[in-house]
Structure formats: structure tokens, C-alpha cells
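Engineer: can't give you the sequence, but here's the structure:
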């Protein structure tokens, strides 16, 4: 009987310590401030100015056709596996203009942009990224140079409720530039 009481008391002490620690961490690092940048508007961070130029939601075959991807090449894509399993797929295409506003060359990782819409988020489809851009993901921008980067995000029907899936082009997709200390979102 006394062992049970001691065990409960220890568990309560540990729970209290965990709660105190969580509270302390949340006070030290508060929730990020949210910055929303409208499509077509520039946002500068670390010497680079980002601007969403255009976006569209297309079916995979239209994208494959635009890059002249053969049926054999399509089988190598991750989304081909999802299509083979009966998933419906659409592709969010986003063109972002990136301008170097400094006097030095800047390198950034384009593959780190996440797309988000409510609870859904996804990373860049690297197979399509490589087809559309002259690099694997690291992009160098010379001083005063503007580079257009095409980003592709796979959208799967099972990631959305039916009503949202039928109206994807009406949903508020954003690209995440950063999460902390400011959550910077470029509207698509």
C-alpha cells in the first residue's frame, strides 16, 4: 500500500516538473509573429527578395507533357507509385522570382520551401524541380541578379477532404520562407 502511494507521489512530482519546464520553454521562446506576403509583392530576407510571380494547379500529365517526359521516365517518379495505388494527384506549380539585393553572391536552398494550406503541407517534388531548373536545389544569385525558380508540390486526394479536393484552386496555399522568429508566408 505504501509503495503505491510513493509511486503516485513520484509520478505527480515528475508531472509537475515537466509542466514547469514546458511553461519555462514557452516563455523563453514565444509563438512566432506571422508575416503574410501577398502574391506579386516582394519580401526581403537575408539580402534576397522573394516574389511569387505565378501559380497553377495542374494534372501530372500536363506537367509531364510540358517537359516531354516519356512514359518510361514517369515510372521513376515518386508520384507514379501513388498513381499506381489509385491515388489522385494534382501538382501545384509556383514560379518565384528571387533577387539578390546585396553586393555579394548569395546561395540559397530552393528545395527547402514548404507549401502549406491549413493542416496540409508538403515539400518540393525534386524530380520535377530538376526538370524545370538548371540545378539540383542550391541556387546561386549574383549581385542585382533576378532568378526565376519553378517549384512543384504534389497534392494527393487523400490529404484533403472531398470538398477541398474538388475546389483546390480556391484554397489559400502559401510558401513558407521561415518559421521562427517570424513565420513568413508567401501567398500563392
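Structural biologist: Noted; the coordinates are in hand. From a predicted model like this one, the values you see are computed outputs, not experimental measurements. Numbers count the residues shown, from 1 in each chain.
Engineer: where does this protein have low pLDDT?
Structural biologist: 26, 29 (pLDDT under 70).
Engineer: and the gap between the residue nearest the centre of the chain and residue 103?
Structural biologist: When C-alpha atoms, centre = their mean is applied to the chain, the residue found nearest the centroid is residue 114 (0.9 Å). According to C-beta to C-beta, to the nearest Å, residue 114 stands 30 Å off from residue 103. Using the backbone N, CA and C atoms, a C-beta is placed for each residue, glycine as well.
Engineer: residue contacts, residue 74?
Structural biologist: 64, 80 (C-beta atoms under 8 Å, 6 or more residues apart in numbering).
Engineer: verify the contact between residue 57 and residue 94 for me.
Structural biologist: No. Using C-beta atoms under 8 Å, residue 57 is not in contact with residue 94; the gap is 10.1 Å.
Engineer: so the two - more neighbours on which side?
Structural biologist: Under the criterion of other C-beta atoms under 10 Å, the comparison of residue 57 against residue 94 puts residue 94 first, with 23 against 15.
Engineer: so how far is the host helix or strand of the more buried one from its chain's centroid?
Structural biologist: Taking DSSP states H and E as the definition, one finds residue 94 inside strand 89-100. Centre-to-centre, strand 89-100 and its host chain are 11 Å apart (C-alpha atoms, centre = their mean, to the nearest Å).
Engineer: re earlier: so is the residue nearest to the residue nearest to the centre of the chain when sequence neighbours are not counted in a helix, a strand, or just coil?
Structural biologist: Closest residue to residue 114 apart from its sequence neighbours, by C-beta to C-beta, 6 or more residues apart in numbering: residue 176 at 4.5 Å. Assigned state for residue 176: strand (three-state reduction, DSSP: H, G, I helix; E, B strand; the rest coil).
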